[in-house]
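Participant: pasting the structure only:
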Ligand code: AMP
């Protein structure tokens, strides 16, 4: 969250339209001005709308939807992206990176002043300049779309401005449903009206739901009278701690009475596996972009010492505009918590164990690490490039481990480029230490793009 300033600079402007979800929230339009009344340190702030007619209107607004009038965030998006790139370039100094000399951002047009590459082509400049944006994705300052798009059209500056305008104008995900859920997460069943069934998972059915009559959500329910209660609650607890634009966000839980609910953001296009199989027309650029988005979510888990343990297309969810997020934290664990209880859930001899996605050391010695997740990511890449093709098609689970142990690797798929296949083979290195980190994978996928 932004931290509010307590200077005189307390006039804010809305960056997006927003429709109130509760009676304590405000509805506002992009460009509306508001005065900050009570900035708490959370994600929802109290403001007063500055408007001649309704000047008394006060209420909560999501803090990532507003910016101080004078701040750069309220400037047109292209300037914002360039500004953020400049900020990152400032930190990155290397003889082989174009050096940032200065910025002029007090008035428009904004300038980023860099070293002049007198003999270098524009392309060379771009390649190095990309570095700044690549880092930006990692820290979540701008979405991968804007990055890839900028790489695509940057030579045509006017096109680029237009594209930023369209893409980035989409409303961001708010942090939580409202300020009431900020710390407690616990809700009442009556607040969530269940609609159509979206799917069924390990614990029970998943429904589309409507919160407070205003906001669409996904509701994961636990079958009554099962022994899975503890794992179900563990999943919710873990999701609470993990926040990243590429991880499905937890909104609330209902655990005061059965059936238990886990309420999360709704991903309107369901699981990536089904989506890939239903959309034959997805082109390579979109597929690689999706892979990069997943790598970005996984890089966040990597930095926070979590292992996911079940990375596969079935556990990735798809929203609008081919936006994908990592979901289903049922098996994920903080490394420090250890592996207690794992065998009960996913016994490696049981049918449920995802043998085709597992690194040999994970399947055989239960040696799970972020590097066994990297192995699974390589398999997930084959699902993505193969548009939902099953890994090792036609093979029985029993055949796979001995073959993989003796060095067999899935061959290159017809639609796979050499550079992507090289990425996959590295994910499947017998030595976990030699496999790339997710951070490196993210950079490599950007290059492949
Ligand atoms: P899970 O229990 O997480 O394995 O979910 C089972 C199925 O429910 C998934 O394969 C999706 O089709 C659907 N689903 C789960 N969570 C969501 C969500 N947040 N948004 C949309 N569909 C979901």
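Facilitator: Arrived safely. As the structure is a prediction and not an experimental result, all values here were calculated from the model.
Participant: burial count for the closest residue to the ligand within the stretch 151-300 of the chain?
Facilitator: Residue nearest to the ligand within the stretch 151-300 of the chain (CB to the nearest ligand atom): residue 201, separated by 1.7 Å. For every residue, glycine as well, the C-beta is placed using N, CA and C. Residues near residue 201, counting by other CB atoms under 10 Å, number 16.
Participant: show the pLDDT at it.
Facilitator: What the model reports as pLDDT for residue 201 is 80.
Participant: isn't it right next to residue 328, touching?
Facilitator: Yes - if you go by CB atoms under 8 Å, residue 201 and residue 328 touch, sitting 6.8 Å apart.
Participant: which strands and helices sit next to the helix ranked longest in the chain?
Facilitator: Determined from DSSP state H, the single longest helix within the chain is helix 284-303. Judged by 3 or more CB pairs under 8 Å, 6 or more residues apart in numbering; DSSP states H and E, helix 284-303 is in contact with helix 122-138, helix 144-153, strand 324-326, helix 370-385, helix 438-448.
Participant: give the pairing partners of whatever helix or strand comes next after it; include direction for each.
Facilitator: Counting by DSSP states H and E, the next helix or strand C-terminal to helix 284-303 is strand 306-307. Strand 306-307 has its sheet partners listed here by DSSP bridges as strand 333-334 (antiparallel).
Participant: residues in contact with the residue lying closest to residue 319 once chain neighbours are set aside?
Facilitator: Leaving aside its sequence neighbours, residue 319 sits nearest to residue 267 (CB to CB, 6 or more residues apart in numbering; 4.6 Å). The contact partners of residue 267, by CB atoms under 8 Å, 6 or more residues apart in numbering, come to 218, 248, 317, 318, 319, 325, 327.
Participant: give me that answer again for 6 Å
Facilitator: 317, 318, 319 (CB atoms under 6 Å, 6 or more residues apart in numbering).
Participant: could you pick out which of the residues you listed are near the ligand?
Facilitator: For the ligand, the contacts drawn from the contacts of residue 267 by CB under 6 Å from any ligand atom are residue 317.
Participant: show me which of the contacts of residue 267 is closest to residue 358.
Facilitator: Of all the contacts of residue 267, residue 358 sits closest to residue 317, with 21.6 Å by CB to CB.
Participant: run through the bridge partners of the residue nearest to residue 186 when sequence neighbours are not counted.
Facilitator: Using CB to CB, 6+ apart and skipping residues adjacent in sequence, the residue nearest residue 186 is residue 253, 6.1 Å away. Residue 253 forms beta bridges with residue 186, residue 262, as assigned by DSSP bridges.
Participant: I'd assumed residue 185 was in contact with residue 253.
Facilitator: Yes - assessed by CB atoms under 6 Å, residue 253 is found in contact with residue 185 at 5.4 Å.
Participant: okay, those two: which has more neighbours?
Facilitator: Set residue 253 next to residue 185 and count neighbours by other CB under 10 Å: residue 253 wins out with 24 against 21.
Participant: ok, that one - contacts?
Facilitator: Neighbouring residues of residue 253 by CB under 6 Å, 6+ apart: 185, 236, 262.
Participant: elements contacting the strand or helix carrying the second one?
Facilitator: In other words, residue 236. When elements are assigned from DSSP H and E, residue 236 belongs to helix 229-241. Helices and strands touching helix 229-241, by 3 or more CB pairs under 6 Å, 6 or more residues apart in numbering; DSSP states H and E, are strand 250-254.
Participant: tell me the angle the strand it packs on makes with helix 229-241.
Facilitator: Put simply, strand 250-254 runs at 150 degrees to helix 229-241, going by axes from the mean of the first three to the mean of the last three CA atoms, to 10 degrees.
Participant: related to what we said a few turns ago, who's in contact with the helix holding residue 236?
Facilitator: Contacts for helix 229-241 (CB under 6 Å, 6+ apart): 203, 222, 250, 253, 262, 329, 330, 332.
Participant: mean confidence for it?
Facilitator: For helix 229-241, the per-residue pLDDT averages 82.
Participant: show me where pLDDT drops low in the stretch 1-150 of the chain?
Facilitator: The stretch 1-150 of the chain contains residues with pLDDT under 70 at 1-9, 39-41, 52-55, 70-89, 91, 94-99, 102-150.
Participant: which residues does the residue nearest in space to the middle of the chain contact?
Facilitator: Nearest residue to the geometric centre of the chain (CA atoms, centre = their mean): residue 246, 0.6 Å. For residue 246, the contact set (CB under 6 Å, 6+ apart) comprises 293, 296, 297, 325.
Participant: tabulate the residues you listed (TSV), appending distance to residue 377, neighbour count and pLDDT.
Facilitator: Formatted as TSV, the contacts of residue 246 follow (distance: CB to CB, whole Å; neighbours: other CB atoms under 10 Å; pLDDT from 0 to 100):
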residue	distance to residue 377	neighbour count	pLDDT
293	12	24	93
296	12	28	92
297	11	24	94
325	15	23	96
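Participant: which among those gets closest to residue 308?
Facilitator: For the contacts of residue 246, the nearest to residue 308 is residue 297 (9.1 Å; CB to CB).
Participant: I'd guessed the closest one sits against residue 248; true?
Facilitator: No - in this structure, residue 297 is not within contact of residue 248 by CB under 6 Å, at 9.1 Å.
Participant: what's the first-to-last distance across stretch 361-372?
Facilitator: 8 Å (CA to CA, to the nearest Å).
Participant: from the chain's centroid, how far away is that stretch?
Facilitator: Between the mean C-alpha location of stretch 361-372 and the chain-wide mean there is a distance of 24 Å, by CA atoms, centre = their mean, to the nearest Å.
Participant: show me which residues of this structure sit near the ligand.
Facilitator: Going by CB under 6 Å from any ligand atom, the residues of the chain near the ligand are 198-202, 206, 218, 220, 248, 264, 266-267, 270-271, 317, 327-328.
Participant: please redo it, this time with the cut-off set to 5 Å
Facilitator: 198, 199, 201, 206, 218, 264, 266, 267, 270, 271, 328 (CB under 5 Å from any ligand atom).
Participant: mind pulling up the pLDDT for the last one?
Facilitator: Just to be clear, that refers to residue 328. pLDDT recorded at residue 328 is 84.
Participant: now do the first one
Facilitator: Per-residue confidence (pLDDT) for residue 198: 95.
Participant: how close does it get to residue 216?
Facilitator: Distance, residue 198 to residue 216, using CB to CB, to the nearest Å: 11 Å.
Participant: higher neighbour count, the two?
Facilitator: Taking neighbours as other CB under 10 Å, residue 198 and residue 216 compare with residue 198 leading, 20 against 12.
Participant: give me every residue that touches the more buried one.
Facilitator: 206, 208 are the contacts of residue 198 under CB under 6 Å, 6+ apart.
Participant: partners of whichever strand or helix holds it in the sheet?
Facilitator: Secondary structure assignment for residue 198, by DSSP H and E: strand 192-200. With DSSP bridges as the test, strand 192-200 is paired with strand 205-211 (antiparallel).
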